[in-house]
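Student: Here is my input, please return the structure:
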Amino acid sequence: MLVVTALALIIRLPYWRTIPAAGDEAKQVVYALQIAQGQGFPLVGNDAYAGPFFFYLLALLIRLGASDPFMGRTVVLVTGTLTATITYAWCRQLGGRSRRQTVGINVLGRRIKIRGNRVASLTAAGLVAANPHLILLNSHVGGTTLLLPFFTTLFLYLLSRAVETDRPGWLIAAAVMGGLAIQSNPVAGLAVAGGWVWATFRVRRSQRLGRRWPLWPLVTGLCVAFVYSPVIVYNITSGMDSVEVLDQRPYLWETHPTIQTFLSNESRLAQQLVRQVSGALAGDETFRSLLGVPLVFLVWMVAGLAYVTRRVSLLPLAVISPFVLVLPVVSSHYGLLDPIRFTSLLTPVFAVCMGLFFTVALDRAAALKSANRTGRLPVRVATCALLVALMAYPLVSLWRYYRSIEQNQQSGRALMNLSHQMVAANDGEPAYISHSLGTMAVKGIPYVPRAYLVLADIRHEFLPPDQIVGRLFELPGAASMLISDQDAEVIRQFAPLTRWAGPANEEAQRRGYGLYILGTGSVLTRPDFVRTGDEALGVAPRVPVGTPIGEGIELIGYDTPTSIPAGEMLHLTVYWKATAPMPSGTYMGFVHLSDPATTALVAQDDHVLGQDQYPLNAWQSQDVVVDHYVLPVPDDVAPGEYALRAGVYTWPNLTRLNVAEHPDDVIELGHVEVGE
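Tutor: Next up is the predicted model:
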């Protein structure tokens, strides 16, 4: 078992932090941080249908001093490794009838005898240890759903142990693991239900558990429900919020199941099971993609399941059957990689069946008359060599996948290193992550850098580039920015950015993004709509107003045509002036066109004062900001005079700033004639 564990860990270590690139899994660490800080003690995970166990485990690690945003991957790496170990133990437990049988293998002239079920267990554990999907998904991605194979395999081992030893303690332990499996994702309920039905009939014939036969199935069912009870209580008190969350993800569900959709989903599920067990990572979603080595695995899977069902145990069939019969009815979510996370728990089940069948095949092969004694390998050695080749095939597929990801610069290494650098080099300055097409195309933004910054307690914001410019004016001084190269060109019009020098930034540059630094004392260039000094003094609006608004703004005046045809755009230029510093906040300037008799609104334009790039908090005393408003006049509005009104309000509480001696804190600008 130590050898199996070490082998599984060694296979999983390469690229475990970078391939696949981290995505929204980083949100789970932020969620756990809130628990660790006592901000809340939720009954569910960040997805309302999952339990909180994984998140409280991460919170405990944070309280113990862990500060790695990828600690979820560390947990899953450990459980993914141990899944191979547990598969070994379960296969030995399930194949206990063959313990006295031995298999002899000639190696370098020596005959080595190994217990038959140990060969089966090594085969099953090897298939799990080398399986690409269990490596990529269930060992390299930090999420609660990715714990499914670990908990379900442990549940099945404990269940088999309970039946064989006839001890209720093992049965209770199995129920606890079953409840944790369902906490990881409710889809595990199919496997737990199948195992529970199998155990219910098996313990009936047991000497000790059979004495109170109706009691033990009830007790184990209640234990499973108790472990899952946080989610149950949450749904009772929230009006079944979990169902609403699932309804928001229609890609998971078959909205209108029919016989035709069931058969189609059944076919897709069968293909997915073969792909995930054989380790196929490429190809299309057709049976043609299964030709070759995957077809050999298909035959091996079916033969193994048939043999185990007939000669060893009904437990694997009881676990697989609910998925085959129920899942195609309720779900249409199948595919090449990501959807396999919901069925990956079946890979160890098939691996055990395949391992037990291999032992029989090896024994039958030994019964064949081997080749002559002139140097040809014995049949058993040839069979073992074939097994090694089949187990190596998934690893070859995995390394090809790694190489493809690296060649296309799609790993998460650059983003991880840049995020780490933002934290390591931070000296109290704010950090910004741009919200634009360029950065959103990079998997992991904003989740990964945000997780690093949150754990380091660094002030940061996720903003469009124009709003980042506004923040630089509001908070002058040093800043670090994880932005696209196009965003950098926009910001450089106002701030002298420097691209951080480092290998990670060079790699990121090939993807069109990177880490940029604004040094302390950098001089910012105001937008061209801001007038300062003599230029501000020379501003002369066509219609002067000179009305103070609030404690630090003055509406100097405006320019606008006196008439406009219906259906056209009414363009206004409004001149604002800063007279005193304003409190922090978002301020919206508005211009409304309304019916003077009824005050009914006809057209309006509300937007942030300073157009995001130069928000009100950044205005210097005596700055004049030239703001443009565009009001679409409806084409069906009646001809006549309409009133123009203007003002300022705070966002998002919609509180208007005071305008002395003006009703409703609105300035009457005048009238505009709307013609036909």
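Student: From the contact counts, what lies against the longest helix along the chain?
Tutor: The longest helix of the chain (DSSP state H) is helix 379-407. The helices and strands touching helix 379-407, judged by 3 or more CB pairs under 8 Å, 6 or more residues apart in numbering; DSSP states H and E, are strand 102-107, helix 116-129, helix 132-136, helix 293-307, helix 346-367. Where you see a C-beta, it was placed from the backbone N, CA and C, and this is true even at glycine.
Student: okay, the angle between the second one and helix 293-307?
Tutor: An angle of 140 degrees separates the directions of helix 116-129 and helix 293-307 when computed by axes from the mean of the first three to the mean of the last three CA atoms, to 10 degrees.
Student: The last one now?
Tutor: Angular relation of helix 346-367 and helix 293-307 on a 0 to 180 degree scale: 80 degrees, by the same axes, to 10 degrees.
Student: Start at 29, not 1
Tutor: Got it, the first residue is 29 from now on, which makes the last one we talked about helix 374-395.
Student: So what's the model's average confidence on helix 374-395?
Tutor: Throughout helix 374-395, pLDDT has a mean value of 85.
Student: again with the first one
Tutor: In this model, strand 130-135 has a mean pLDDT of 43.
Student: can I assume Arg673 sits in a strand?
Tutor: Yes - applying DSSP: H, G, I helix; E, B strand; the rest coil, one finds Arg673 inside a strand.
Student: picking up where we left off before, quick check: buried residues in the longest helix of the chain?
Tutor: Across helix 407-435, burial judged by 16 or more other CB atoms under 10 Å covers 407-408, 411-412, 415, 418-419, 421-423, 425-426, 429-430, 433.
Student: show me what contacts Arg101?
Tutor: Contacts for Arg101 were tallied using CB atoms under 8 Å, 6 or more residues apart in numbering; they are 44-45, 50, 53, 168-170.
Student: still on that earlier bit, distance to Gly267 and mean neighbour count added to the helices and strands packed on helix 407-435, as TSV?
Tutor: Below are the helices and strands packed on helix 407-435 laid out as TSV (distance: least, CB to CB, whole Å; neighbours: other CB atoms under 10 Å):
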stretch	distance to Gly267	mean neighbour count
strand 130-135	59	14
helix 144-157	41	26
helix 160-164	36	28
helix 321-335	42	18
helix 374-395	33	24
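Student: With respect to Gly638, which of those lies nearest?
Tutor: Between Gly638 and the helices and strands packed on helix 407-435, the shortest separation by CB to CB is 47.1 Å, and it involves helix 160-164.
Student: Which other helices and strands does that closest one contact?
Tutor: Looks like helix 160-164 contacts helix 99-122, helix 407-435 (3+ CB pairs under 8 Å, 6+ apart).
Student: Now the shortest one - C-alpha only, PDB.
Tutor: C-alpha atoms of helix 99-122 as PDB (Å, rounded to 0.1, in the frame of the first residue of the first chain):
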ATOM      1  CA  MET A  99      -4.600  25.000  -0.400                       C
ATOM      2  CA  GLY A 100      -7.700  23.500  -1.900                       C
ATOM      3  CA  ARG A 101      -5.500  21.800  -4.500                       C
ATOM      4  CA  THR A 102      -3.300  20.500  -1.700                       C
ATOM      5  CA  VAL A 103      -6.300  18.900   0.000                       C
ATOM      6  CA  VAL A 104      -7.500  17.400  -3.300                       C
ATOM      7  CA  LEU A 105      -4.000  16.200  -4.100                       C
ATOM      8  CA  VAL A 106      -3.900  14.300  -0.900                       C
ATOM      9  CA  THR A 107      -7.300  12.800  -1.300                       C
ATOM     10  CA  GLY A 108      -6.700  12.000  -4.900                       C
ATOM     11  CA  THR A 109      -3.500  10.100  -4.000                       C
ATOM     12  CA  LEU A 110      -5.200   8.200  -1.200                       C
ATOM     13  CA  THR A 111      -8.000   7.200  -3.600                       C
ATOM     14  CA  ALA A 112      -5.500   4.800  -5.200                       C
ATOM     15  CA  THR A 113      -4.600   3.400  -1.800                       C
ATOM     16  CA  ILE A 114      -8.200   2.900  -0.800                       C
ATOM     17  CA  THR A 115      -8.900   1.200  -4.100                       C
ATOM     18  CA  TYR A 116      -6.100  -1.200  -3.300                       C
ATOM     19  CA  ALA A 117      -7.700  -1.900   0.100                       C
ATOM     20  CA  TRP A 118     -11.200  -2.300  -1.200                       C
ATOM     21  CA  CYS A 119     -10.100  -4.700  -4.000                       C
ATOM     22  CA  ARG A 120      -8.400  -6.900  -1.500                       C
ATOM     23  CA  GLN A 121     -11.500  -6.700   0.700                       C
ATOM     24  CA  LEU A 122     -13.900  -7.500  -2.100                       C
END
